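Colleague: I would like the atomic coordinates for the input below:
(2 chains)
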2 protein chains.
Amino acid sequence: MQSGPQPADFADVRATNLAVVLRHVRTHAPCSRADIAAATGLNKATVSSLVADLIERRLLRETGLTEHRIGRPATMLVLDGQPYAAIGMEVAADHLTAVAVDLAGEQLLSWRRAFTGTETAAGKAVSTIAALASRAASRVAAQGRQVLGVTVGVPGLVDADGAVRLAAGLGWRDVDLRADLVRALRDPKYDVAVDNDANLSALAEHRYGAFAGTSNLVYLTGELGIGAGVVVDGRLLRGGRGFSGEIGHLQLDPSGPQCPCGRVGCLEALAGVRAIIARVLPDAEADGPVTDFAPEIDEVVRRARRADQPTLAALAAVGRHLGHGVSILANLVNPDVVVLGGNFVPLSPWLLPAAEAELAARAVAPDAGGCRIVASALGPGAAATGGAARALAAVDAGHLPPLPA
Amino acid sequence: MQSGPQPADFADVRATNLAVVLRHVRTHAPCSRADIAAATGLNKATVSSLVADLIERRLLRETGLTEHRIGRPATMLVLDGQPYAAIGMEVAADHLTAVAVDLAGEQLLSWRRAFTGTETAAGKAVSTIAALASRAASRVAAQGRQVLGVTVGVPGLVDADGAVRLAAGLGWRDVDLRADLVRALRDPKYDVAVDNDANLSALAEHRYGAFAGTSNLVYLTGELGIGAGVVVDGRLLRGGRGFSGEIGHLQLDPSGPQCPCGRVGCLEALAGVRAIIARVLPDAEADGPVTDFAPEIDEVVRRARRADQPTLAALAAVGRHLGHGVSILANLVNPDVVVLGGNFVPLSPWLLPAAEAELAARAVAPDAGGCRIVASALGPGAAATGGAARALAAVDAGHLPPLPA
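Modeller: All right, here's what the predicted structure looks like:
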């Protein structure tokens, strides 16, 4: 019963209440001390003391704005958070992304570079990732900000120690990525973490997406593989060993195509980016396997836009398979929204109608239990954004950075 | 972000710490005040004050036992909880169960009666359920105990208000069971709740089963339908509208048998109790549909025990389908254990080997992500036991009953 109440003392109460105030301002800024007291039920003297502490930590700041209601004017508060930033990275089969975000949610940098993960030995990949992380950290530090953490998203099974057990799309098996990165970064002061890319994307969607704050939300990656990041009751569902969300190799059709994983009729083999390209552009891999999918996806979009019938039929079929996959989530997890990411985003106008119809037919609950399917509005690199969000969410949860010296 | 920290004050701290002490004694009794202080990190004076309060509420009591270690002898504490009981009920297609459990976990009564849910109009069923609940409450009250709540488990979609949206096995649709029961019980002082039977069984397994306390656990009902109760990180996964765990109508085989739900190849149509009986005892329903499955399941067990080959082959096939269903849970939710309940329990010696092999083949993570499949050891009426556990768990979570007058 690790979820039961934990022993608390008065110091915990203050840390908890600092986090409550910080979280309230993040979602309701600009707001006054009186607003905070009214919304949280904390008394005004307590709120004033907590706000003073948060201003000293440079997590909040007063604006010039005041609000004139009954009584004397109230000074409005907003997040400061500029002194603190977190870095997130996304490793995909065809690219590497790094972003930095400050605590107020402002994106400080966003870098994307080609990265042929599938052709790169894990050892060389670690150096490349570490070099990019190091550059991003230096850039942020040069702006006078404290780096709270670097979190790297990887499309595969990542255990609780940040080791990648299996990333089929990258050809990695048992790569101790977190330890390797800590070594390559020479034991940095900031926290280094590795997580599944779908998990991090779900965190990004939950914090910054069009459905931010939705308690039950799933993000489906649309990279070389298809993974699910599942948020339940506002928290990431990880499972016993951290291997949840492996939706890509559920068998949807026992008479379906062979999957590179060795199984048959997997969701990925039917609706993954390679399956889409193979269906719409059967000659694309004539000169060897495609390693950068963006140009091919652009071509699929062009054909769909001009209503090319075979393309529309292929995308409707892919949409049906996605809807089938989503229906399994809807029946088992009952999310309010399933967000399609990656390469599914530009294709979503043609995927969504078929996916929604399939979901409705296969869901047991009326109205598919309220489940909607939408395309992510976060833009590329959702897992990187989520990697940054992970360290920032720790602050929200009450793990405040130390007072500046 | 409803899962974030909530505002706390000093009264909350005391309620939280009362619950922490109560929970520690439940899992570690008999134990001394010093043991509690050492395990929780609370200081000894605080523990003494909390224990005094809990003894006054008759939630703890001192035993005659003392422990002689270094220093003076320590009086040992155990749960009292005898003055408080909760009632749970299970509605199945062929029976109705009621149990009462006191806060110390002692079962006070366990009644089971035939109940042809499928032939009973919902209105008549409500009267029958209410009458049994009322008798159980009277019995418990006559023992001088305070009834904390009555919770009824139903095999179907139950919304957050305790209304049954759909219970196909019972032929119910949009039955406002909680409100109807409150009316039939004439607005009782205790809490009345309705929940999905699989959810309640999972709570029972999590509190009293062989894998009690396992943070990531799934219970699969083996009644007329197959439902999943999913515990994630120590908490029940409910989803956006409370409709999670609907595993019974996932399609495992598009060329499989027709399911009464209108779909094809559902887990229930392949591995439900009707499918098992139809495979092993094809003549069983010659005289009309079977409504009490126990005698038929007994016959299946007899044939399996004498190694009747067609029976063993049929059970292996059912086991494979169950393993396929479990593999979907393993890939998406990564539980540590999946507990088979109901009619699967007596058949488990013949189901488990095939189920485990299928799980291993279909799980993406090595070692199926650590997922084991086991048979429940709780005995019949797990959902009823879970219904009682639900009210008792609220006490553990800090919602203490009021001080006795």
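Colleague: if I look at A:G227, how far off is chain B?
Modeller: Look at A:G227 and chain B: by Cβ to the nearest Cβ, to the nearest Å, they are 10 Å apart. In short, each C-beta sits where N, CA and C put it, glycine included.
Colleague: Skipping adjacent residues, who's closest to that residue in space?
Modeller: Excluding the flanking residues, the one nearest A:G227 by Cβ to Cβ, 6 or more residues apart in numbering or on different chains is A:A198, at 3.5 Å.
Colleague: Quick check: phi and psi on the residue in the stretch 51-200 of chain A that chain B sits nearest to?
Modeller: With Cβ to the nearest Cβ, the shortest gap between the stretch 51-200 of chain A and chain B falls at A:L157, namely 5.6 Å. The phi/psi pair for A:L157 (degrees, to the nearest 10) reads phi -80, psi 120.
Colleague: Strands of the stretch 51-200 of chain A, start to end?
Modeller: Along the stretch 51-200 of chain A, counting by DSSP state E, counting those that start in this stretch, strands occupy A:60-67, A:74-79, A:84-91, A:95-102, A:107-114, A:146-154, A:157-158, A:164-167, A:172-175, A:191-196.
Colleague: For the first one, name the packing helices and strands.
Modeller: Looking back up the chat, that one is strand A:60-67. helix A:10-28, helix A:44-56, strand A:74-79 (3 or more Cβ pairs under 8 Å, 6 or more residues apart in numbering or on different chains; DSSP states H and E).
Colleague: what's in contact with it?
Modeller: Where contact means Cβ atoms under 8 Å, 6 or more residues apart in numbering or on different chains, the residues beyond strand A:60-67 that reach it are A:21-22, A:25, A:30, A:32, A:51, A:54-55, A:73-80.
Colleague: Do you know the pLDDT at the residue of the stretch 51-200 of chain A closest to chain B?
Modeller: Per-residue pLDDT puts A:L157 at 96.
Colleague: Nearest residue to it in space, ignoring adjacent ones along the chain?
Modeller: A:R165 (4.2 Å).
Colleague: Flag every residue of the stretch 101-250 of chain A that's near chain B.
Modeller: Counting by Cβ under 8 Å from any Cβ of the partner chain, the stretch 101-250 of chain A comes close to chain B at A:157, A:165-166, A:206, A:213, A:215-216, A:228, A:230, A:232-235, A:237-250.
Colleague: quick one: which of those residues sit in strands?
Modeller: Among these, the members falling in strands (DSSP state E) are A:L157, A:R165, A:L166, A:A228, A:V230, A:V232, A:R235.
Colleague: most neighbours, which of the residues you listed?
Modeller: In terms of neighbour count, A:A228 stands highest of these at 30 neighbours, by other Cβ atoms under 10 Å in any protein chain shown.
Colleague: Identify the residue nearest whichever residue of the stretch 101-250 of chain A sits closest to chain B in space, chain neighbours excluded?
Modeller: Nearest to chain B, among the residues of the stretch 101-250 of chain A, is A:G239, at 2.4 Å (Cβ to the nearest Cβ). Leaving aside its chain neighbours, A:G239 sits nearest to B:N334 (2.4 Å; criterion: Cβ to Cβ, 6+ apart).
Colleague: Pretty sure A:L96 sits against A:R113.
Modeller: Yes: assessed by Cβ atoms under 8 Å, A:L96 is found in contact with A:R113 at 5.4 Å.
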